[in-house]
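J.: the sequence and its predicted three-dimensional model are supplied below.
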Amino acid sequence: MALAEVSRNQFSRELVNAITKNALEQSSQPGVNTVVSPASIQSCLTLAFMAASGSTAEELRQGLHLGPGDRAHIARSFGEFWTTSCNYGAMGPVLKSVNRLYVNDTLELQPEFNAVAWDFFQSKAEAVKFSNAVAVTDQINSWVKEQTEDKISELLQSDAVDQETSAVLINALYFKGKWRKPFTPETTQQDDFCLNLRDRVKVDMMYQEDKFKYAELPHLQARAVQLPYEHSNISMLIILPDTTCGILDLEERLKSVDLADIEDAMTLEDVDIAMPKLTIEFDVDLKDVLMQLGISEVFGNEANLDRLFTTKTGQKISAAKHRGYISINEAGSEAAAATFMKIVPMSLNMQKKLFKVDHPFVFYIRSSQAVFFAGRVVCPPSDLKRDSIASLDDSSRASLSQESK
(Lines give C-alpha, C1' and ligand atoms only; values in the text may rest on other atoms or scores of the structure.)
Protein backbone atom coordinates (compact mmCIF):
# COMPACT_ATOMS: atom_id res chain seq x y z
CA MET A 1 0.00 0.00 0.00
CA ALA A 2 1.34 3.43 -0.94
CA LEU A 3 2.51 5.76 1.83
CA ALA A 4 -0.25 8.28 1.04
CA GLU A 5 -2.91 5.58 1.38
CA VAL A 6 -1.49 4.44 4.72
CA SER A 7 -1.48 8.05 5.92
CA ARG A 8 -5.09 8.69 4.87
CA ASN A 9 -6.28 5.48 6.51
CA GLN A 10 -4.33 6.18 9.70
CA PHE A 11 -5.81 9.67 9.97
CA SER A 12 -9.27 8.21 9.37
CA ARG A 13 -8.87 5.66 12.16
CA GLU A 14 -7.63 8.23 14.69
CA LEU A 15 -10.31 10.75 13.70
CA VAL A 16 -13.19 8.26 13.97
CA ASN A 17 -11.92 7.10 17.37
CA ALA A 18 -11.78 10.68 18.68
CA ILE A 19 -15.20 11.64 17.29
CA THR A 20 -16.82 8.52 18.74
CA LYS A 21 -15.19 9.14 22.13
CA ASN A 22 -16.42 12.75 22.18
CA ALA A 23 -19.92 11.78 21.06
CA LEU A 24 -20.21 9.19 23.81
CA GLU A 25 -18.90 11.57 26.47
CA GLN A 26 -21.34 14.28 25.45
CA SER A 27 -24.34 11.95 25.25
CA SER A 28 -23.44 9.92 28.39
CA GLN A 29 -24.96 6.84 26.70
CA PRO A 30 -23.96 4.43 23.90
CA GLY A 31 -27.12 5.19 21.91
CA VAL A 32 -25.69 7.79 19.55
CA ASN A 33 -25.54 7.29 15.78
CA THR A 34 -22.69 8.94 13.91
CA VAL A 35 -21.65 9.47 10.30
CA VAL A 36 -18.59 11.50 9.37
CA SER A 37 -16.33 11.90 6.37
CA PRO A 38 -12.64 11.59 7.22
CA ALA A 39 -11.86 12.43 3.60
CA SER A 40 -13.82 15.70 3.77
CA ILE A 41 -12.21 16.74 7.04
CA GLN A 42 -8.72 15.93 5.84
CA SER A 43 -9.41 17.88 2.62
CA CYS A 44 -10.31 21.03 4.49
CA LEU A 45 -7.40 20.82 6.91
CA THR A 46 -4.86 20.04 4.20
CA LEU A 47 -5.86 23.25 2.46
CA ALA A 48 -5.28 25.04 5.78
CA PHE A 49 -1.86 23.36 5.98
CA MET A 50 -0.96 25.04 2.69
CA ALA A 51 -1.40 28.40 4.45
CA ALA A 52 0.60 27.49 7.55
CA SER A 53 4.27 27.87 8.50
CA GLY A 54 6.58 26.86 11.34
CA SER A 55 5.26 24.81 14.23
CA THR A 56 1.64 25.36 13.10
CA ALA A 57 2.42 23.65 9.80
CA GLU A 58 4.31 20.87 11.56
CA GLU A 59 1.36 20.16 13.87
CA LEU A 60 -0.97 19.94 10.90
CA ARG A 61 1.49 17.74 9.02
CA GLN A 62 1.76 15.32 11.95
CA GLY A 63 -1.91 15.38 12.93
CA LEU A 64 -3.10 14.83 9.36
CA HIS A 65 -0.38 12.24 8.64
CA LEU A 66 0.64 14.15 5.51
CA GLY A 67 4.08 12.58 5.36
CA PRO A 68 7.54 14.09 4.88
CA GLY A 69 7.17 15.72 1.45
CA ASP A 70 7.22 19.46 0.80
CA ARG A 71 4.05 21.44 0.16
CA ALA A 72 4.23 20.98 -3.59
CA HIS A 73 4.52 17.21 -3.24
CA ILE A 74 1.63 17.00 -0.75
CA ALA A 75 -0.59 19.25 -2.87
CA ARG A 76 0.18 17.22 -6.01
CA SER A 77 -0.49 13.92 -4.24
CA PHE A 78 -3.73 15.26 -2.84
CA GLY A 79 -4.86 16.59 -6.22
CA GLU A 80 -4.07 13.29 -7.97
CA PHE A 81 -5.98 11.33 -5.33
CA TRP A 82 -9.18 13.32 -5.81
CA THR A 83 -8.80 13.42 -9.58
CA THR A 84 -8.66 9.63 -9.73
CA SER A 85 -11.27 9.08 -6.97
CA CYS A 86 -14.03 11.42 -8.06
CA ASN A 87 -16.71 10.37 -10.51
CA TYR A 88 -19.48 12.72 -11.53
CA GLY A 89 -21.90 10.22 -13.00
CA ALA A 90 -22.31 8.20 -16.20
CA MET A 91 -21.01 4.80 -15.04
CA GLY A 92 -20.57 4.03 -11.37
CA PRO A 93 -21.27 6.00 -8.20
CA VAL A 94 -21.23 9.77 -8.01
CA LEU A 95 -18.41 10.88 -5.75
CA LYS A 96 -17.46 14.52 -5.73
CA SER A 97 -15.30 16.60 -3.43
CA VAL A 98 -15.42 20.36 -3.85
CA ASN A 99 -13.74 23.17 -1.93
CA ARG A 100 -14.58 26.83 -1.63
CA LEU A 101 -12.71 29.62 0.13
CA TYR A 102 -14.70 32.67 1.16
CA VAL A 103 -12.41 35.63 1.84
CA ASN A 104 -13.08 38.96 3.54
CA ASP A 105 -13.17 41.49 0.70
CA THR A 106 -10.77 43.73 2.64
CA LEU A 107 -8.02 41.09 2.40
CA GLU A 108 -5.95 39.72 -0.46
CA LEU A 109 -4.81 36.11 -0.74
CA GLN A 110 -1.16 35.30 -1.26
CA PRO A 111 -0.80 34.52 -5.00
CA GLU A 112 1.09 31.30 -4.22
CA PHE A 113 -1.63 30.02 -1.88
CA ASN A 114 -4.34 30.99 -4.35
CA ALA A 115 -2.57 29.09 -7.13
CA VAL A 116 -2.12 25.93 -5.04
CA ALA A 117 -5.73 26.07 -3.81
CA TRP A 118 -7.00 26.25 -7.38
CA ASP A 119 -4.55 23.90 -9.11
CA PHE A 120 -4.68 21.01 -6.66
CA PHE A 121 -7.78 21.55 -4.51
CA GLN A 122 -10.06 23.07 -7.16
CA SER A 123 -10.83 25.64 -4.50
CA LYS A 124 -12.22 28.87 -5.86
CA ALA A 125 -11.71 32.00 -3.76
CA GLU A 126 -14.70 34.28 -3.45
CA ALA A 127 -14.63 37.75 -1.87
CA VAL A 128 -17.53 38.45 0.52
CA LYS A 129 -18.59 41.05 3.08
CA PHE A 130 -18.60 39.10 6.34
CA SER A 131 -20.09 42.15 8.04
CA ASN A 132 -23.32 41.16 6.29
CA ALA A 133 -23.45 37.88 8.21
CA VAL A 134 -26.94 36.77 7.23
CA ALA A 135 -26.35 37.20 3.50
CA VAL A 136 -22.95 35.49 3.60
CA THR A 137 -24.09 32.47 5.63
CA ASP A 138 -27.08 32.14 3.30
CA GLN A 139 -24.68 32.18 0.36
CA ILE A 140 -22.42 29.54 1.92
CA ASN A 141 -25.34 27.33 2.96
CA SER A 142 -26.83 27.52 -0.53
CA TRP A 143 -23.53 26.45 -2.07
CA VAL A 144 -23.17 23.49 0.33
CA LYS A 145 -26.79 22.47 -0.25
CA GLU A 146 -26.30 22.55 -4.02
CA GLN A 147 -23.04 20.57 -3.91
CA THR A 148 -24.57 17.86 -1.69
CA GLU A 149 -27.80 17.51 -3.69
CA ASP A 150 -29.84 19.15 -0.90
CA LYS A 151 -28.61 16.68 1.73
CA ILE A 152 -26.62 19.19 3.82
CA SER A 153 -28.59 22.34 4.46
CA GLU A 154 -28.18 25.12 7.01
CA LEU A 155 -24.59 24.12 7.80
CA LEU A 156 -23.90 27.54 9.31
CA GLN A 157 -26.00 29.77 11.52
CA SER A 158 -25.89 33.51 10.85
CA ASP A 159 -23.67 34.09 13.90
CA ALA A 160 -20.97 31.78 12.48
CA VAL A 161 -19.26 34.77 10.86
CA ASP A 162 -18.95 38.48 11.56
CA GLN A 163 -16.99 41.49 10.35
CA GLU A 164 -13.84 40.16 12.08
CA THR A 165 -13.90 36.93 10.07
CA SER A 166 -11.02 36.78 7.62
CA ALA A 167 -11.93 33.65 5.68
CA VAL A 168 -14.05 30.51 5.69
CA LEU A 169 -12.81 27.22 4.23
CA ILE A 170 -15.51 24.81 3.10
CA ASN A 171 -15.24 21.27 1.77
CA ALA A 172 -18.33 19.40 0.61
CA LEU A 173 -18.24 15.68 -0.17
CA TYR A 174 -21.15 13.90 -1.85
CA PHE A 175 -21.62 10.23 -2.68
CA LYS A 176 -24.45 8.33 -4.36
CA GLY A 177 -23.97 4.72 -5.37
CA LYS A 178 -26.06 1.73 -6.37
CA TRP A 179 -25.31 -1.67 -4.94
CA ARG A 180 -23.66 -4.04 -7.39
CA LYS A 181 -26.18 -6.53 -6.01
CA PRO A 182 -29.29 -4.57 -5.00
CA PHE A 183 -31.79 -5.71 -2.41
CA THR A 184 -35.27 -6.61 -3.63
CA PRO A 185 -37.77 -4.03 -2.31
CA GLU A 186 -40.58 -6.60 -2.17
CA THR A 187 -38.71 -8.60 0.47
CA THR A 188 -38.24 -5.65 2.83
CA GLN A 189 -40.33 -6.08 5.96
CA GLN A 190 -40.60 -4.89 9.52
CA ASP A 191 -38.29 -6.61 11.98
CA ASP A 192 -36.70 -5.98 15.36
CA PHE A 193 -33.42 -4.16 15.88
CA CYS A 194 -32.06 -4.80 19.36
CA LEU A 195 -30.69 -1.68 21.03
CA ASN A 196 -29.46 -3.73 23.99
CA LEU A 197 -30.50 -6.89 25.83
CA ARG A 198 -33.78 -5.28 26.87
CA ASP A 199 -34.91 -2.67 24.33
CA ARG A 200 -35.67 -2.97 20.63
CA VAL A 201 -37.21 -0.93 17.84
CA LYS A 202 -39.01 -1.86 14.64
CA VAL A 203 -37.09 -1.17 11.43
CA ASP A 204 -37.57 -1.79 7.73
CA MET A 205 -35.22 -4.75 7.25
CA MET A 206 -33.87 -5.49 3.77
CA TYR A 207 -33.02 -9.05 2.74
CA GLN A 208 -30.96 -10.76 0.07
CA GLU A 209 -28.68 -13.72 -0.44
CA ASP A 210 -25.76 -13.89 -2.85
CA LYS A 211 -22.01 -14.21 -2.90
CA PHE A 212 -20.26 -11.50 -0.88
CA LYS A 213 -16.87 -11.01 0.68
CA TYR A 214 -17.20 -12.17 4.28
CA ALA A 215 -14.95 -12.74 7.27
CA GLU A 216 -15.22 -14.04 10.80
CA LEU A 217 -12.95 -11.94 13.00
CA PRO A 218 -12.40 -13.70 16.34
CA HIS A 219 -9.74 -11.18 17.40
CA LEU A 220 -12.43 -8.48 17.14
CA GLN A 221 -15.23 -10.75 18.39
CA ALA A 222 -17.10 -9.70 15.26
CA ARG A 223 -17.95 -10.60 11.68
CA ALA A 224 -17.75 -8.48 8.54
CA VAL A 225 -19.35 -8.33 5.12
CA GLN A 226 -18.52 -6.11 2.16
CA LEU A 227 -21.24 -4.71 -0.11
CA PRO A 228 -19.70 -3.38 -3.34
CA TYR A 229 -21.12 -0.51 -5.39
CA GLU A 230 -21.51 -1.09 -9.10
CA HIS A 231 -18.83 0.00 -11.58
CA SER A 232 -16.39 1.07 -8.86
CA ASN A 233 -13.78 0.00 -6.32
CA ILE A 234 -15.83 1.59 -3.53
CA SER A 235 -17.73 -0.62 -1.13
CA MET A 236 -19.52 -0.52 2.21
CA LEU A 237 -17.79 -2.55 4.89
CA ILE A 238 -20.11 -3.54 7.75
CA ILE A 239 -18.59 -4.89 10.96
CA LEU A 240 -21.08 -6.55 13.30
CA PRO A 241 -20.16 -7.50 16.88
CA ASP A 242 -20.82 -11.10 17.85
CA THR A 243 -22.90 -9.94 20.81
CA THR A 244 -25.82 -7.53 20.98
CA CYS A 245 -24.01 -5.13 23.33
CA GLY A 246 -20.55 -5.55 21.85
CA ILE A 247 -20.16 -2.30 19.91
CA LEU A 248 -18.11 -0.43 22.54
CA ASP A 249 -15.66 -3.31 22.85
CA LEU A 250 -15.50 -3.58 19.06
CA GLU A 251 -14.72 0.11 18.67
CA GLU A 252 -11.98 -0.18 21.28
CA ARG A 253 -10.39 -3.09 19.40
CA LEU A 254 -10.70 -1.31 16.05
CA LYS A 255 -8.42 1.46 17.31
CA SER A 256 -5.41 -0.68 16.50
CA VAL A 257 -6.74 -2.40 13.37
CA ASP A 258 -6.10 -1.46 9.75
CA LEU A 259 -9.25 -1.91 7.67
CA ALA A 260 -7.08 -3.22 4.84
CA ASP A 261 -6.18 -6.20 7.06
CA ILE A 262 -9.86 -6.97 7.52
CA GLU A 263 -10.42 -6.81 3.78
CA ASP A 264 -7.45 -9.13 3.21
CA ALA A 265 -9.02 -11.67 5.56
CA MET A 266 -12.30 -11.76 3.62
CA THR A 267 -13.28 -14.56 1.28
CA LEU A 268 -16.16 -14.90 -1.18
CA GLU A 269 -19.00 -16.77 0.52
CA ASP A 270 -22.70 -17.42 0.10
CA VAL A 271 -24.19 -14.91 2.53
CA ASP A 272 -27.78 -14.36 3.60
CA ILE A 273 -27.88 -10.66 4.52
CA ALA A 274 -30.50 -8.74 6.47
CA MET A 275 -29.85 -5.08 7.19
CA PRO A 276 -31.99 -2.09 8.10
CA LYS A 277 -32.85 0.83 5.88
CA LEU A 278 -31.79 4.00 7.62
CA THR A 279 -31.06 7.69 7.37
CA ILE A 280 -28.60 9.38 9.71
CA GLU A 281 -27.44 12.97 10.15
CA PHE A 282 -24.70 13.90 12.57
CA ASP A 283 -23.08 17.20 13.57
CA VAL A 284 -19.73 17.48 15.29
CA ASP A 285 -17.68 20.39 16.57
CA LEU A 286 -14.23 19.45 15.34
CA LYS A 287 -12.16 21.78 17.50
CA ASP A 288 -11.95 19.50 20.56
CA VAL A 289 -11.58 16.44 18.34
CA LEU A 290 -8.66 17.91 16.41
CA MET A 291 -6.96 18.97 19.63
CA GLN A 292 -7.06 15.32 20.72
CA LEU A 293 -5.18 14.52 17.52
CA GLY A 294 -2.47 17.02 18.42
CA ILE A 295 -3.76 19.85 16.22
CA SER A 296 -4.12 22.77 18.63
CA GLU A 297 -1.74 25.60 17.76
CA VAL A 298 -3.76 26.63 14.69
CA PHE A 299 -6.67 27.49 17.05
CA GLY A 300 -4.61 29.75 19.34
CA ASN A 301 -3.03 33.18 19.17
CA GLU A 302 0.33 31.54 18.43
CA ALA A 303 -1.02 30.22 15.10
CA ASN A 304 1.11 30.96 12.05
CA LEU A 305 -0.98 31.19 8.86
CA ASP A 306 1.31 33.69 7.19
CA ARG A 307 1.02 32.05 3.77
CA LEU A 308 -2.68 32.89 3.51
CA PHE A 309 -2.89 36.68 3.07
CA THR A 310 -0.60 39.39 1.79
CA THR A 311 -1.15 41.29 5.03
CA LYS A 312 0.99 40.30 8.01
CA THR A 313 -1.88 40.46 10.49
CA GLY A 314 -1.93 37.26 12.56
CA GLN A 315 -4.65 34.72 11.76
CA LYS A 316 -6.02 31.64 13.50
CA ILE A 317 -8.84 29.14 13.05
CA SER A 318 -11.56 29.90 15.57
CA ALA A 319 -14.11 27.23 14.63
CA ALA A 320 -14.27 23.94 12.79
CA LYS A 321 -17.54 22.14 12.17
CA HIS A 322 -18.58 19.01 10.29
CA ARG A 323 -21.92 17.51 9.30
CA GLY A 324 -22.44 14.07 7.83
CA TYR A 325 -25.48 12.44 6.22
CA ILE A 326 -26.19 8.95 4.94
CA SER A 327 -29.27 7.20 3.59
CA ILE A 328 -29.22 3.45 2.89
CA ASN A 329 -31.96 1.62 1.02
CA GLU A 330 -32.52 -1.32 -1.30
CA ALA A 331 -30.91 0.32 -4.31
CA GLY A 332 -27.82 1.67 -2.60
CA SER A 333 -26.50 4.53 -0.52
CA GLU A 334 -26.51 8.28 -0.64
CA ALA A 335 -24.12 10.13 1.61
CA ALA A 336 -22.95 13.68 2.00
CA ALA A 337 -20.67 15.60 4.28
CA ALA A 338 -19.57 19.16 4.67
CA THR A 339 -16.69 20.53 6.67
CA PHE A 340 -16.44 24.18 7.64
CA MET A 341 -13.47 26.02 9.08
CA LYS A 342 -13.55 29.65 10.07
CA ILE A 343 -10.32 31.64 10.13
CA VAL A 344 -10.22 34.81 12.17
CA PRO A 345 -7.73 37.44 13.26
CA MET A 346 -17.28 9.65 6.30
CA SER A 347 -32.51 -23.22 -1.55
CA LEU A 348 -30.81 -24.52 1.53
CA ASN A 349 -27.09 -24.12 1.63
CA MET A 350 -25.31 -25.62 4.59
CA GLN A 351 -22.28 -23.41 3.89
CA LYS A 352 -24.30 -20.20 3.70
CA LYS A 353 -23.42 -17.54 6.23
CA LEU A 354 -26.19 -15.65 8.00
CA PHE A 355 -25.38 -11.98 8.48
CA LYS A 356 -28.31 -10.31 10.20
CA VAL A 357 -27.62 -6.71 11.14
CA ASP A 358 -30.13 -6.56 13.99
CA HIS A 359 -28.00 -4.90 16.67
CA PRO A 360 -25.50 -2.00 16.86
CA PHE A 361 -22.75 -2.03 14.21
CA VAL A 362 -20.13 0.12 12.51
CA PHE A 363 -19.75 0.82 8.79
CA TYR A 364 -17.30 2.36 6.35
CA ILE A 365 -17.76 3.54 2.76
CA ARG A 366 -14.26 3.14 1.44
CA SER A 367 -11.83 2.17 -1.25
CA SER A 368 -8.33 0.87 -0.68
CA GLN A 369 -7.12 4.49 -0.92
CA ALA A 370 -9.35 6.19 1.63
CA VAL A 371 -12.35 6.12 3.96
CA PHE A 372 -14.92 8.46 2.48
CA PHE A 373 -17.55 7.93 5.19
CA ALA A 374 -17.55 6.13 8.52
CA GLY A 375 -20.19 5.71 11.17
CA ARG A 376 -21.88 3.71 13.86
CA VAL A 377 -25.56 2.74 14.11
CA VAL A 378 -26.87 1.96 17.56
CA CYS A 379 -30.45 3.18 17.31
CA PRO A 380 -31.93 3.28 13.80
CA PRO A 381 -34.88 5.61 13.25
CA SER A 382 -37.97 3.57 14.07
CA ASP A 383 -40.43 5.70 12.10
CA LEU A 384 -39.15 4.92 8.59
CA LYS A 385 -41.88 5.22 6.00
CA ARG A 386 -42.96 1.91 4.49
CA ASP A 387 -43.03 3.54 1.07
CA SER A 388 -39.41 4.67 1.29
CA ILE A 389 -37.49 5.13 -1.92
CA ALA A 390 -36.53 1.88 -3.61
CA SER A 391 -34.44 3.46 -6.37
CA LEU A 392 -31.65 5.99 -6.56
CA ASP A 393 -32.21 6.78 -10.22
CA ASP A 394 -32.21 10.44 -11.17
CA SER A 395 -35.93 10.14 -11.84
CA SER A 396 -36.41 9.40 -8.14
CA ARG A 397 -34.48 12.40 -6.88
CA ALA A 398 -37.58 14.42 -6.11
CA SER A 399 -39.11 11.65 -4.03
CA LEU A 400 -35.74 10.92 -2.39
CA SER A 401 -35.42 14.56 -1.34
CA GLN A 402 -38.93 14.41 0.07
CA GLU A 403 -38.11 11.20 1.94
CA SER A 404 -35.11 12.74 3.64
CA LYS A 405 -37.00 15.73 5.00
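T.: On my side now, so go ahead.
J.: next structured bit after the longest helix anywhere in the chain?
T.: When the chain is parsed with DSSP state H, its longest helix is helix 3-27. Next along the chain after helix 3-27, taking DSSP states H and E as the criterion, comes strand 34-36.
J.: distance between that next one and the chain's centre?
T.: Remark: strand 34-36 is offset 6 Å from the chain centroid, using Cα atoms, centre = their mean, to the nearest Å.
J.: swap in stretch 49-65?
T.: Distance of stretch 49-65 from its chain centroid, counting by Cα atoms, centre = their mean, is 22 Å.
J.: residues contacting it, please?
T.: With Cβ atoms under 8 Å, 6 or more residues apart in numbering as the test, stretch 49-65 has contacts from 6-8, 10-11, 42, 45-46, 48, 66-67, 71, 74-75, 110, 113, 116-117, 121, 290, 293-298, 302-308. Every C-beta, even on glycine, is put in place using the N, C-alpha and C of the backbone.
J.: tell me the mean pLDDT over that stretch?
T.: For stretch 49-65, the mean pLDDT works out to 94.
J.: how about stretch 210-227?
T.: Averaging the model's pLDDT scores along stretch 210-227 yields 96.
J.: tell me which residues of the longest helix of the chain are tucked away?
T.: Judged by neighbour count using 16 or more other Cβ atoms under 10 Å, the buried positions of helix 3-27 are 4, 7-9, 11-20, 22-24.
J.: can you give the distance of it from its chain's centre?
T.: With Cα atoms, centre = their mean as the basis, helix 3-27 stands 11 Å off its chain's centre.
J.: pLDDT (mean, whole number) over that helix?
T.: For helix 3-27, the per-residue pLDDT averages 83.
J.: quick revisit: in helices only, show me the contacts of stretch 49-65.
T.: Those of the contacts of stretch 49-65 mapping onto helices are 6-8, 10-11, 42, 45-46, 48, 71, 74-75, 113, 116-117, 121, 290, per DSSP H.
J.: do a quick rundown of the helices in this protein.
T.: For the chain, helices defined by DSSP H occupy the ranges 3-27, 38-49, 54-64, 71-85, 111-121, 133-147, 247-254, 259-264, 286-292, 397-404.
J.: closest to Val103 out of those helices?
T.: helix 111-121 (9.4 Å; Cβ to Cβ).
J.: in the closest one, what counts as buried?
T.: By 16+ other Cβ under 10 Å, the buried positions in helix 111-121 come out as Phe113, Asn114, Val116, Ala117, Phe120, Phe121.
J.: test my guess that the last one contacts Gly79.
T.: Yes: using Cβ atoms under 8 Å, Phe121 is in contact with Gly79, at 6.9 Å.
J.: max-length strand in the protein?
T.: Counting by DSSP state E, the longest strand found in the chain is strand 200-217.
J.: just to revisit the earlier point, and the contacts of the longest helix of the chain?
T.: Contacts to helix 3-27, defined as Cβ under 8 Å, 6+ apart, come from residues 30, 32, 34, 36, 38-39, 41-42, 63-67, 77, 81, 251, 254-255, 257-260, 282, 284, 288-289, 292-293, 346, 368-371, 374, 376.
J.: buried subset of these, written for ChimeraX?
T.: Remark: buried members of the contacts of helix 3-27, expressed as a ChimeraX selection using 16+ other Cβ under 10 Å:
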select :30,34,36,38,39,41,42,63,64,65,66,77,81,251,254,259,282,284,288,289,292,293,346,369,370,371,374,376
